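*Asks:* Sequence and computational prediction follow.
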Amino acid sequence: MDLKPGDRVELLDDELSGIVQEIKGEEVSIRTEDGFIMTFPAEQLVKIHDDIDPADMGGFDFEEVLEEKKPAKKPRSIPSRSKDKKQPPMEVDLHVNQLVRSTKGMSNHEMLNLQLDTARHKLEFAIKNRIQRIVFIHGVGEGVLKMELEYLLGRYSNIRFYDADYQKYGLGATEVYIFQNP
């Protein structure tokens, strides 16, 4: 499959779509409709063609074909632990230059509050949407953001947090595991 940045894609086994942002080998990073950057193996994504003309479908009733492809409704089951480990975490970059166009006129306190508000918002989103793993990329710096982030995370009883994968993020990221109620 030929994917390139800017292509619209959907996840094969989930109702998640987005725009391709970056491709590194077989890993594809997409920006979801909610603004999150998530990375998936390329074989789990399918390119969406928004510009398909129904006349080019050779007489097929496109809606009927789509209806046939929809999976039958199954009762929701709790996913196995091994699947949870393989599913890539949601990534949230808290570097202030990723959150605003310019920090001109912002004090350090205002920038820190923006970063923490973003972290709180994204964590609440993940809890609401039953996303089990989220990685907050905070960088190394002087450690103020990391310390404040840990204080924020410590106020939630349904999560566990720890340093993220060192090989992928170095020392500048914290991974959060969210315990889901069945």
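*Replies:* Alright, I've got the coordinates.
*Asks:* C-alpha only now, for contacts and for neighbours.
*Replies:* OK.
*Asks:* Using the three-state scheme, assign I131.
*Replies:* coil (DSSP: H, G, I helix; E, B strand; the rest coil).
*Asks:* need the contact list for it.
*Replies:* 90, 178 (Cα atoms under 8 Å, 6 or more residues apart in numbering).
*Asks:* Kindly report the same for the one 4 residues further on.
*Replies:* Residues near V135 by Cα under 8 Å, 6+ apart: 89-92, 164, 173-176.
*Asks:* With E27 instead?
*Replies:* 39-42.
*Asks:* who wins for neighbours among those residues?
*Replies:* Counting neighbours by other Cα atoms under 10 Å, T39 leads those with 21 neighbours.
*Asks:* For it, list each beta-bridge partner.
*Replies:* Counting by DSSP bridges, T39 is bridged to S29.
*Asks:* Residues contacting stretch 97-115, please?
*Replies:* So stretch 97-115 is contacted by 94-96, 145 (Cα under 8 Å, 6+ apart).
*Asks:* end to end, how far does that stretch reach?
*Replies:* In stretch 97-115, first residue to last residue: 10 Å (Cα to Cα, to the nearest Å).
*Asks:* how about the longest strand seen in the chain: buried residues?
*Replies:* Counting by DSSP state E, the longest strand found in the chain is strand 17-24. Buried residues in strand 17-24, counted by 16 or more other Cα atoms under 10 Å: 17-23.
*Asks:* Over to stretch 161-169?
*Replies:* In stretch 161-169, counting by 16+ other Cα under 10 Å, buried: 161, 164, 169.
*Asks:* List the contacts of it.
*Replies:* Stretch 161-169 is contacted by residues 135, 137, 153, 170-171, 173-177 when judged by Cα under 8 Å, 6+ apart.
*Asks:* Just the buried residues of those.
*Replies:* Buried among the contacts of stretch 161-169 by 16+ other Cα under 10 Å: 135, 137, 153, 173-177.
*Asks:* In TSV, list the residues you listed along with pLDDT, distance to D34 and secondary structure.
*Replies:* Listed next are these as TSV, based on pLDDT from 0 to 100; distance: Cα to Cα, whole Å; DSSP: H, G, I helix; E, B strand; the rest coil:
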residue	pLDDT	distance to D34	secondary structure
V135	93	16	strand
I137	91	18	strand
L153	92	22	helix
A173	93	21	strand
T174	93	21	strand
E175	93	20	strand
V176	93	19	strand
Y177	92	20	strand
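*Asks:* Noted, bye for now.
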